[in-house]
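> predicted model and sequence follow; I will ask about them next.
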Amino acid sequence: MTRMLPLIFSFTPLWATASSLAPFNDPAVHPLAATWQARVRLINFDRTQEEKLWHAVKLIQRVIRSAEFRRRVLNYKFNGEQKFNDSGGLTNDAIYNKIFEGVETIGGSPGDNGMDVELELYHQATNTIGYTYPTAQRIWINTKYFSKYSPVKVADNLMHEWMHKLGFTHDTAWSPERDHSVPYAVGYIVEELAQKI
Ligand SMILES: [Zn+2]
């Protein structure tokens, strides 16, 4: 099943329950925060899976628009320095900007101001949660994990994969340093803040 659903959320009811995060119109957040959108194409999702995914996308939207997310990204430290690992030479501020500009390496264009992705569910009895290729617009997600993940965990995973789409990479093998790469670290920040919503 292929469905193309542009996600444009109404903010008042969402923010009414987001008591622990500052509202998106906080002067401390990015000027493009209020207009940031997710445009997501879903492939092989059933109704329940679709709802979980939308929930995760809403969590991402609410988290990244918060002043707390801005503080966490701008103040991120790796090896005692204010930076991420595998930052591609970008400062924390530049990484924060990139998230709101939302120009994907493949298929992105100036003025995107959001997440433009294709997500395809597949099932495999492996330890791969999801994957993508630098040359693909699509992100593949393993239902083995997706099915048992909470929307908060799906939000972490989706944010991680989307950071790849924005051009960030990390080592293949696990290391303590890898957790500080942009995809892992920003995914963890989203997960932690989404838990407060
Ligand atoms: Zn990754």
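Arrived safely, thanks for sending.
> what helices or strands is the helix or strand hosting A38 leaning on?
In this assignment (DSSP states H and E), A38 forms part of strand 37-43. If you count contacts as 3 or more C-beta pairs under 8 Å, 6 or more residues apart in numbering; DSSP states H and E, strand 37-43 packs onto strand 2-7, helix 47-64, strand 114-122. The C-beta positions use only the backbone N, C-alpha and C, and glycine is treated the same way.
> so which of those comes closest to T91?
Ranking these by distance to T91, with C-beta to C-beta as the measure, places helix 47-64 first at 17.7 Å.
> and S147, what pLDDT?
Predicted confidence (pLDDT) at S147: the value is 97.
> oh, that last question was meant for I197, not what I typed.
Looking at I197, its pLDDT reads 88.
> my read: R72 touches I189, true?
Yes - between R72 and I189 there is a contact under C-beta atoms under 8 Å: 4.8 Å.
> now S147. Nearest residue, chain neighbours left out?
In this structure, S147 finds its nearest non-sequential neighbour in Q49, 7.9 Å apart by C-beta to C-beta, 6 or more residues apart in numbering.
> ok, that neighbour - contacts?
Taking C-beta atoms under 8 Å, 6 or more residues apart in numbering, we find Q49 in contact with L121, T143, F146, S147.
> ok, A67 - how many residues close by?
17 (other C-beta atoms under 10 Å).
> ranking helices and strands of this structure by mean pLDDT, which lands last?
Ranked by mean pLDDT, DSSP states H and E, the weakest helix or strand in the chain is helix 11-17, scoring a mean of 34.
> and stretch 187-197, what's buried?
G187, Y188, I189, V190, E191, L193, A194, I197 (16 or more other C-beta atoms under 10 Å).
> chain center to it, what's the gap?
In terms of C-alpha atoms, centre = their mean, to the nearest Å, the centre of stretch 187-197 is found 10 Å from the chain centre.
> can you pull up the most central residue in this structure?
For the chain, the residue whose C-alpha lies nearest the mean C-alpha position (C-alpha atoms, centre = their mean) is M159; its distance is 2.0 Å.
> before we move on, the earlier item: would TSV of the helices and strands packed on strand 37-43 with distance to Q82 and mean pLDDT be doable?
Listed next are the helices and strands packed on strand 37-43 as TSV, based on distance: least, C-beta to C-beta, whole Å; pLDDT from 0 to 100:
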stretch	distance to Q82	mean pLDDT
strand 2-7	33	49
helix 47-64	19	97
strand 114-122	26	96
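> any chance of the ones you listed in TSV, plus distance to H30?
Putting the helices and strands packed on strand 37-43 into TSV (distance: least, C-beta to C-beta, whole Å) gives the following:
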stretch	distance to H30
strand 2-7	19
helix 47-64	8
strand 114-122	12
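> I99 is nearest to which of these?
So among the helices and strands packed on strand 37-43, helix 47-64 is nearest, using C-beta to C-beta, at 6.2 Å.
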